[in-house]
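[1] model this:
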Amino acid sequence: MAWITLIIGLLLGVVIGMGAAGGLRRRWLTSGSRRGRTPLASVEHVVDLIRRAHHADAVCLCARDAEPVVASGSSPLKPEVAERAMSLAKRAMDDGREHVIRGDETMVAVGDRKRGVAVVLGSADTSQDQAQAIASELRRLLAEFQVDLDPRWSGGSTPPVDLPPELDTLAAIASGLCDRARTITGWPTAVVIRDPQTQVASVISVSNNADRRLIGVSVTPDSAAGRACMGDGAVAAGRSEDLFGRGPTDRRRKTGAGTAYPLCDGHDGVGALVVFGPNEDLDPAVRERVMWLTVETGPRFAAAAAVRAAEERADTDNLTGLPNRAGLEGVMAHAPHGPCAVLCVDLDDFKKIVDELGHAAGDAVLKHVVRVLRGAIRDIDVAARVGGEEFVVWLPETDRKAASRVAERIRRSLADLEWEWAGAGVTLTCSVGVSARPETTSDLPNLIPTADAALDRAKRAGRNRVEVATAEVKQSG
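    Numbering: from 1, shown residues only. Prediction:
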C-alpha cells in the first residue's frame, strides 16, 4: 500500500488550502460490490483528492474488474450527468483515448484500457488548454495508479452480463442483447444500428415484450437513440419523440420514456441499446449492469455489423443500391412454401440510349427504372439488378394472375412517366416476362429461367409488352 501513501502525499500539497470541500458521494451506479465488499477507503480518498485538486463537480474512476469509485461535491449530481460521466469513463477505459465533451458541463476523460477516469467540470467554458492539462495530469496519474480494486466478478474480468460466445451473427447478438437487458431491467428493450456508410440509424431488434412494429423504424440523428449511436454516452428521454425522433403521423413509436446506451467499438459509436421506461425509476445498480453490458458487448456488436456490411456490399449493385444476382438468390433461398412469382424486366433499346446520350445518361436511366420499380411493388417484394439493363422482381405470396397485374403496372408506369435528360424528354419502355409457382413450375430454381424465356418472347413480339410463361410440360417416364 506504499503507492497510496505516495499519491496522497503528492496530492495533499495540491489540495491544502482549498478548505473542506463537499463530502464524498459514491455509489450512484451501485450499492456494494458483487462479492459483498466495498472498495478501499483510501482509494475513495485519492479519487476525492483528484476532484478537489481540479475544482471538479465529480470524478469517476472505473476498472474492468472492479467497482467504480465516484467522488462528488456537496451538491448531488443530476442522474443524467452521472450516467454520462460513467459512460465516458468506461469509453475512455475501452479505447485508451482522451475525450473532451462540452455541453452544460465540460467532461474530460482518459483511459489505459484497464482503467478509465472522467472529471466533471461545472463550467462549460473550460478552455482547450485547460482540458488538455487536466487530461495530461490524469494520464500521468493512471500510469502510477496500479491499484487492485475490489474484484467485481469472480472468475476473471468478464462480467456475468456478457452474452454467450455462440452468439456471433449481428441478428443473434442484437436479439441476445435485447433479451439480456430485458432480464436485467424487466423492461422492454430495443437495439439500434448505425450504417457506417450512410450514417442512417434504425431499429434492428426488440425484446419479446416490446412492440415489434418498431423493427425497421428509422432513428433521427438528434434523438436520444441517434445521439447514443454516435457515442455520446447514455442519453435519457422523457418522450417517444426524443427516443427515436418521429414525424407527426408516425404512430408506431408511442413507447414513452427511455434511455439509450451507446454500443461502441473503441471511440466509434456503432449502435445503441434502448431501455424503455423512466430512467429515474430504474435502480442505480441495475443501470450499472446495463452500462457494463453495453461496454462488453459493443466490440462484438461492431465486429458482427462490419461482417454484415461486407456481406451486403458483396450482394448489392453499386450503382442502383438494389440486390445483385447473388443477393436475390440469397433472398429466394429462404422463401417459404406456397405461391410466389418472378418478373424478368428488361429495358428496351438501352444500348441506343447509351450510344446517343452517353454512359452518364445510361446510369441515370437505370436509377429512374429503380424508382419506378419501387413505386410499383410492395415492401415485402424485392427488386434486383442482375445485368446491365436487366432486373428481376421477386414477389412472395403472389400467384400468376396477381404477378401479371404487377408486371403490367411496371410496364405502364415506365412508359407513361416521361424521363428527361439535358432538358429533353425521353420515352422509356420495358419488356416483362412472368413466371409463378405453382402455375408455371413447382420448382423454385426454375422461376427465373421460365420468366426469362417469357421475356424473350415479349421482345420478339415487338417489345413494350408483358408475356406470361406457360406451364411446364411433364415428361412421361
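[2] can you pull the contacts of the closest residue to Asp242 other than its chain neighbours?
    The shortest distance from Asp242 to any non-neighbouring residue, by C-beta to C-beta, 6 or more residues apart in numbering, is to Ala224 (5.3 Å). For every residue, glycine as well, the C-beta is placed using N, CA and C. Ala224 makes contact with 235-237, 242-244, 258-260, 274, according to C-beta atoms under 8 Å, 6 or more residues apart in numbering.
[3] what's the closest of those residues to Glu390?
    Nearest to Glu390 among the contacts of Ala224, counting by C-beta to C-beta, is Phe244 at 38.2 Å.
[4] ok, how many other residues are close to that closest one?
    28 (other C-beta atoms under 10 Å).
[5] surely it touches Val203?
    Yes. Between Phe244 and Val203 there is a contact at 7.5 Å, judged by C-beta atoms under 8 Å.
[6] need the residues touching each of these two.
    In contact with both Phe244 and Val203: 214, 217, 219, using C-beta under 8 Å, 6+ apart.
[7] among the residues you listed, which lie within strands?
    Val219 (DSSP state E).
[8] make JSON lines out of the shared contacts of Phe244 and Val203 and add distance to Gly321 and neighbour count.
    Output for the shared contacts of Phe244 and Val203, formatted as JSON lines (distance: C-beta to C-beta, whole Å; neighbours: other C-beta atoms under 10 Å):
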{"residue": "Leu214", "distance to Gly321": "24", "neighbour count": "21"}
{"residue": "Val217", "distance to Gly321": "20", "neighbour count": "22"}
{"residue": "Val219", "distance to Gly321": "20", "neighbour count": "29"}
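[9] just the shared contacts of Phe244 and Val203 now: which is nearest Thr440?
    For the shared contacts of Phe244 and Val203, the nearest to Thr440 is Val217 (37.0 Å; C-beta to C-beta).
[10] tell me how far that closest one lies from Cys229.
    13 Å (C-beta to C-beta, to the nearest Å).
[11] report the contact partners of Arg437.
    Residues near Arg437 by C-beta under 8 Å, 6+ apart: 339-341, 443-444, 447.
[12] among the residues you listed, who's most crowded?
    Among those, Ala341 has the most neighbours (other C-beta under 10 Å), with 29 neighbours.
[13] which strand residues bridge that residue?
    With DSSP bridges as the criterion, Ala341 is bridged to Leu395, Ala436.
[14] got the domain ranges for this protein?
    Domain ranges of the chain: 2-144, 170-314, 325-468, per automatic domain parsing.
[15] lowest average pLDDT across those domains?
    In terms of average pLDDT, domain 2-144 trails the rest of the domains of the chain, at a mean of 68.
[16] just give the number of residues close to Gly387.
    Neighbour count for Gly387, taken as other C-beta under 10 Å: 11.
[17] how much space separates it from Trp421?
    22 Å.
[18] out of the domains of the chain, which is the most enclosed?
    Of all the domains of the chain, domain 170-314 has the most neighbours on average by mean count of other C-beta atoms under 10 Å, namely a mean of 20.
[19] can you give me the end-to-end span of it?
    Distance between the two ends of domain 170-314: 17 Å, counting by C-alpha to C-alpha, to the nearest Å.
[20] would you list every one of the helices in the stretch 151-300 of the chain?
    Under the criterion DSSP state H, counting those that start in this stretch, helices of the stretch 151-300 of the chain are mapped to 170-185, 224-229, 240-244, 284-314.
[21] closest one to Ala58 among those?
    Using C-beta to C-beta, the nearest of the helices of the stretch 151-300 of the chain to Ala58 is helix 284-314, at 14.5 Å.
[22] for that closest one, packing partners?
    Helices and strands touching helix 284-314, as assessed by 3 or more C-beta pairs under 8 Å, 6 or more residues apart in numbering; DSSP states H and E, comprise helix 79-95, helix 170-185, strand 258-265, strand 268-276.
[23] and the angle from the helix or strand following that helix to helix 284-314?
    As assigned by DSSP states H and E, the chain's next helix or strand after helix 284-314 is helix 325-333. Angle of helix 325-333 versus helix 284-314, following axes from the mean of the first three to the mean of the last three C-alpha atoms, to 10 degrees, is 120 degrees.
[24] thinking again about what came up before, nearest to Arg313 among the helices and strands packed on helix 284-314 would be which one?
    helix 170-185 (14.4 Å).
[25] distance from the chain centre to the closest one, please.
    Taking C-alpha atoms, centre = their mean, to the nearest Å, one finds helix 170-185 lying 14 Å from the centre of the chain it belongs to.
[26] touching, Arg182 and Ala190? I think so.
    No. Judged on C-beta under 8 Å, Arg182 makes no contact with Ala190 at a distance of 9.9 Å.
[27] now for the two: what residues contact both?
    Ser207.
[28] contacts only, for the residue most central in space within the chain.
    In the chain, the C-alpha nearest the mean C-alpha coordinate belongs to Ile193, at 1.0 Å (C-alpha atoms, centre = their mean). Counting by C-beta under 8 Å, 6+ apart, Ile193 makes contact with 170, 174, 201-202, 204, 229, 270-271, 305.
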